[in-house]
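1. just a sequence and a predicted model for now, questions to come.
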Amino acid sequence: MPIKFVKLLLIEDDEDDAFLIKEYLSDIENFKSEIDWVSDPEEGKEKILNGDFDLFLIDFYLGKENGLKLMDFIKKHEILTPSILLTGRNDSKIDIDASVAGAFDYLVKGELTPDSLQRSIRYTIKQGITIKELDKKEKRYRSLFERSFDSIFLANERFEMLELNAAFFAFFGYEENELDQINLQDIFAEQEDYDFCLDQLEKYEVVKDFEVSMLTKTGELKTCLFNCIFIPDQADENCCYQGIIRDLTLWKKAELDMMVAEKLSMTGKLARTIAHEIRNPLTNLNLALDNIKEEMADENELVKVYSDIIQRSSNRIEKLMGDLLSSSKPKELQLELCSLDDIIDEIIALVRDRANLKGIKLEMDLKGDAPRLFVDREKLSIALVNILINGIEAIDHDKGKLSISMFHSKKSILLEITDNGKGICKEDLKRIFDPFYTDKSDGTGLGLTSTLNILSSHNAGIQVQSVVGGGTTFEVEFPLPEM
């Protein structure tokens, strides 16, 4: 059930901070809140024991007392109301202490916004509700372990899995009889991320909210939030690590879509501003040039030569402004029901000669059974041709290969275009859709900007993966209408 009303107890001895938190809460539209503020920790303890609250917001520094002591008080009295710890500075030790003490979240006041506070409250209350429900049925750890929606594991000192919950098996695609074959390292996509976690566990005995790419049994990449803590015991063999892995894949995709939309919006505003500021003086320049031609062109051959150079440059600038506006302007689509297989066949015919001239082999894996989509055939062809041409131009060796694959599920159609060219470094990968960004001497840097705009107009997502010296893959995902 969605959260509609939240009753909070704020224990905060700074009146200004309390005022700001109240203001942030009043800006939240998704749910209503009622806040009871106290500045004295002792009064706070009394309200904790006798009040009926959905959530405690506790300041870390409370004069002679701190929030951790209040957390211990809550734990000692077995109160299951969730808590969020607030602090004035970002300190990893406080973060770790808060987590160990039982705080559901840890927020830095200077970084607080209504959105971040809302997300934290919603997450904390939902998690608190889950724990309360489990506690009513069974207080043993086993119940929480098995019922969690997140993947939970217990591993020994060699990071061999001792126990996994059902969510772990379902998420990573392993069978329960494969438990003794799984090592923590197996699910990390990058060795450096695994090494970082080992280092943190060795130094601090905890890894908290580490965003990392993980691999399922079938090799599918998942973006996850990784948490792990060392749990000591008397017997060495029973010393183990407990970890929780949360799937962020859909959340990250939504975040990426939002960033793309914001980038296109800003690009459009920037393009219109630049075009306005440049076209006005450019018009004056062209008028002045016409007057010069009329007055002096016949008398001086050198004037004619230079005036032609100015005219060509002026035309070039005008064309660039037009291309920039066109690449960033939301596309008006002429939709028709089309097969992506047919569109790909057409664009392959358009780029085949260019690929053959460079000796590049084209490979296609099209099943021919993908559902048809309502798309603008012409504009989508332009977008995909831009990607293919970029792949062809990225190949500078005699064993060039460009492959196009298509897969579909009940929710989407995924198109992958992969080349074995020079690849793109991480820094440049973030900029390839930016206007005027290009590594080609004769390029305008607007091709991929236009591609992003066209695909966004089709509600299609695009991601790029690349390895320097190993090639680049463009993944374009077209959502299918829900049945």
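-> Nice, I can see it.

2. got the contact list for residue 117?
-> Going by Cβ atoms under 8 Å, 6 or more residues apart in numbering, residue 117 touches 21, 24, 25, 28, 107. C-beta here means a position set from N, CA and C on the backbone, and glycine is covered the same way.

3. burial of the first one, as a residue count?
-> For residue 21, the number of neighbouring residues by other Cβ atoms under 10 Å comes to 23.

4. that one sits in which helix or strand?
-> helix 15-27 (DSSP states H and E).

5. of the contacts of residue 117, select the buried ones using a PyMOL command.
-> For the buried members of the contacts of residue 117, the matching PyMOL selection, counting by 16 or more other Cβ atoms under 10 Å, is:
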select buried, resi 21+24+25+28+107
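
6. who are the contact partners of the closest residue to residue 376 other than its chain neighbours?
-> Spatial nearest neighbour of residue 376, chain neighbours left out: residue 333 (4.0 Å); criterion: Cβ to Cβ, 6 or more residues apart in numbering. By Cβ under 8 Å, 6+ apart, the contact list for residue 333 reads 375, 376, 379, 457, 458.

7. among these, who's most crowded?
-> Among the contacts of residue 333, the one with the most neighbours (other Cβ under 10 Å) is residue 375, at 24 neighbours.

8. got a list of what that residue touches?
-> Contacts of residue 375 (Cβ under 8 Å, 6+ apart): 333, 335, 336, 338, 340, 343, 458, 478.

9. just residue 73 next, same as before
-> Counting by Cβ under 8 Å, 6+ apart, residue 73 has contacts 45, 48.

10. if we use 7 Å, what do you get?
-> residue 45 (Cβ atoms under 7 Å, 6 or more residues apart in numbering).

11. surely it forms part of a helix?
-> Yes. Counting by DSSP: H, G, I helix; E, B strand; the rest coil, residue 73 is found in a helix.

12. just the closest of the contacts of residue 375 to residue 243, please.
-> residue 478 (35.5 Å; Cβ to Cβ).

13. the contacts of residue 117: which two are farthest apart?
-> 28 and 107 (14.3 Å).

14. from residue 211, how far out is residue 222?
-> According to Cβ to Cβ, to the nearest Å, residue 222 stands 11 Å off from residue 211.

15. hmm, I typed the wrong one, I wanted residue 119.
-> In terms of Cβ to Cβ, residue 119 sits 15 Å off from residue 211.

16. mind listing the helices in this protein by residue range?
-> 15-27, 41-50, 67-76, 92-101, 114-137, 141-147, 166-172, 191-204, 249-296, 301-328, 340-357, 377-393, 426-429, 447-457 (DSSP state H).

17. for those, which one sits closest to residue 153?
-> It is, among the helices of the chain and with distance given as Cβ to Cβ, helix 166-172, at 5.9 Å.

18. can you add distance to residue 11 and pLDDT and give the contacts of residue 333 back as JSON lines?
-> As requested, those are exported to JSON lines (distance: Cβ to Cβ, whole Å; pLDDT from 0 to 100):
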{"residue": "375", "distance to residue 11": "56", "pLDDT": "87"}
{"residue": "376", "distance to residue 11": "57", "pLDDT": "86"}
{"residue": "379", "distance to residue 11": "57", "pLDDT": "85"}
{"residue": "457", "distance to residue 11": "50", "pLDDT": "81"}
{"residue": "458", "distance to residue 11": "51", "pLDDT": "83"}
